[in-house]
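Participant: Output the structure for:
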Amino acid sequence: KLVNDTFRSSGASGSCLEASVRQVYLPAQAPDLKDSAVALAVNDRNAAWEADLPLDDEAALWGYLTALDQVSRLSLLAHCLSFGVNALHEKVNPYGAGISASGLTRRMAQADRLAQAVDLDMVAAGWEPTVDTYLNRVPKARILEAVREAKGEGTAQLLDHLKKGEMASEAERLLKGSCWLPEVLRRADLVARDGADIAEGQGADNGSEDLESVSDTDLPAFLTEDLPDAAAAMMAAE
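Facilitator: A predicted model of the protein is given here:
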């Protein structure tokens, strides 16, 4: 039943098993997500299973699944169920349509437990805060919060006068390689560790940094363009 739900475009009626996989689709996504390494790996895995499964003959499919070794069967089960994972952080609708506040809390707590169980690390998976993936989709206050957490208060102050588009572009450059994640993508077990044990990128706050400790690499590009290193360093100190 789960294989049919996953690999057939229209589910057959009359099944004796009510269990099902309902695929979850993102209402919005970064334009390059479908071409990411993770998405391509999922597509390749799906194509490999689809090529092997006798989907047009239920008796043959039953026999195929029965003959699978336990590791392969569990791998196929996990693949089918993965399409039904819903970890979307949606806007709560107070009027009853959509998800409730308590429902969203429950969903995100379960998603976090699942992320821990499979050791999902969004940084290792290749996610970065870019203009398209995050920065252009949130208010300016969120952009400044991201830079503040990753680079410190001094660097954030250098951006607070910029227009939204310029701020997003500069923040993308500053956050590149920082391992910073927005709160919704952080694993609770990593965030909860004390002091120096907080995992890099999992919300460790560098907010104690002041303007005097801002390096020339943290300055907005328009401030350092065509400047020699000494001049950039002096401007950082100022």
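
Participant: Would you check that residue 107 makes contact with residue 85?
Facilitator: No - under the criterion of Cβ atoms under 8 Å, residue 107 makes no contact with residue 85, lying 10.4 Å away. C-beta coordinates here come from the backbone N, C-alpha and C atoms, glycine included.

Participant: Quick check: pLDDT value at the residue of the chain most remote from its centre.
Facilitator: Here the chain has its C-alpha centre computed as a mean, and the residue farthest from that point, by Cα atoms, centre = their mean, is residue 59 with 39.5 Å. The pLDDT attached to residue 59 in the predicted structure is 94.

Participant: Now do the phi/psi pair for the spatially closest residue to residue 1 that is not a sequence neighbour.
Facilitator: By the measure of Cβ to Cβ, 6 or more residues apart in numbering, the closest residue to residue 1 outside its immediate chain neighbours is residue 17, 4.4 Å from it. Per-residue torsions, residue 17: phi -120, psi 120 (degrees, to the nearest 10).

Participant: and residue 17, how many residues sit next to it?
Facilitator: With neighbours defined by other Cβ atoms under 10 Å, the count for residue 17 comes to 8.

Participant: Could you do residue 113 as well?
Facilitator: When neighbours are defined as other Cβ under 10 Å, residue 113 has 12 of them.

Participant: Now do the contacts for it.
Facilitator: If you count contacts by Cβ atoms under 8 Å, 6 or more residues apart in numbering, residue 113 has none.

Participant: and it, what helix or strand is that in?
Facilitator: helix 101-117 (DSSP states H and E).

Participant: Show me what whatever helix or strand comes next after that helix is packed against.
Facilitator: For helix 101-117, the following helix or strand on the C-terminal side (DSSP H and E) is helix 140-151. When contacts are defined as 3 or more Cβ pairs under 8 Å, 6 or more residues apart in numbering; DSSP states H and E, helix 140-151 packs onto helix 153-157, helix 164-175.
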